[in-house]
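> Give the three-dimensional model of this entry:
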Amino acid sequence: MHRRAFLFLSAPAALSLSGCGFALRKAPTFAFTTLYSGLAESSPLGVELRRSLQATRKVEVITEARRINEAQVVLDVVGDQREKVILSRNAAGQVREFQLRLRFRFKLRTLAGKELIPETEILQQRDISFNESAVLAKEAEENLLYRDMQSDVVQQIMRRLAAVTEL
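Below is the predicted model:
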């Protein structure tokens, strides 16, 4: 009896979810199968972006400049920088709060020079308090925040690359 009641009550919920357009996020699809990336091999953001693109199993990422002619599109990196700005100080002049920023500027073009994504800047920022008695912990927190911002930037790049519909 309980099972019938459960099925009877859960059926409308299942039908309403299917009718509202709800769908799990799918792997992005790209208009290209090969991409040349000008990001340095040592760049943490470049490593994460390459992994994300290759994880789709639909895009081959070329990083060697001599193989650039094999790529359908070129990801030109205009800027990739981390900044740490002082937000506030106490009465003694000691730093109390920082703002961490991660700026990434890029554009996407074909080998022939057709601009697919104009120069775009993605900016992530986080505020972090500072305590001189817990310097090591704050340093670890700062690294964690940078890693989190980096992941957000990579996801935004992936969405923008997937928005390119034709070459």
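
> Show me what the longest helix along the chain is packed against.
Ranked by residue count and defined by DSSP state H, the top helix of the chain is helix 135-162. Judged by 3 or more CB pairs under 8 Å, 6 or more residues apart in numbering; DSSP states H and E, helix 135-162 is in contact with helix 44-55, strand 73-89, strand 95-110, strand 115-129. Bear in mind the C-beta positions are built from the backbone N, C-alpha and C, glycine included.

> want to throw those into a markdown table with mean pLDDT and distance to Met158?
A markdown table is the format used below for these (pLDDT from 0 to 100; distance: least, CB to CB, whole Å):
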| stretch | mean pLDDT | distance to Met158 |
| --- | --- | --- |
| helix 44-55 | 88 | 6 |
| strand 73-89 | 89 | 12 |
| strand 95-110 | 91 | 12 |
| strand 115-129 | 92 | 11 |
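
> Now those in JSON lines, please, with extra columns for mean neighbour count and distance to Lys138.
Shown next, in JSON lines, are the helices and strands packed on helix 135-162 (neighbours: other CB atoms under 10 Å; distance: least, CB to CB, whole Å):
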{"stretch": "helix 44-55", "mean neighbour count": "17", "distance to Lys138": "20"}
{"stretch": "strand 73-89", "mean neighbour count": "14", "distance to Lys138": "12"}
{"stretch": "strand 95-110", "mean neighbour count": "17", "distance to Lys138": "9"}
{"stretch": "strand 115-129", "mean neighbour count": "14", "distance to Lys138": "7"}
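
> Let's have the ones you listed in CSV, adding distance to Arg160.
Listed next are the helices and strands packed on helix 135-162 as CSV, based on distance: least, CB to CB, whole Å:
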stretch, distance to Arg160
helix 44-55, 12
strand 73-89, 10
strand 95-110, 8
strand 115-129, 6
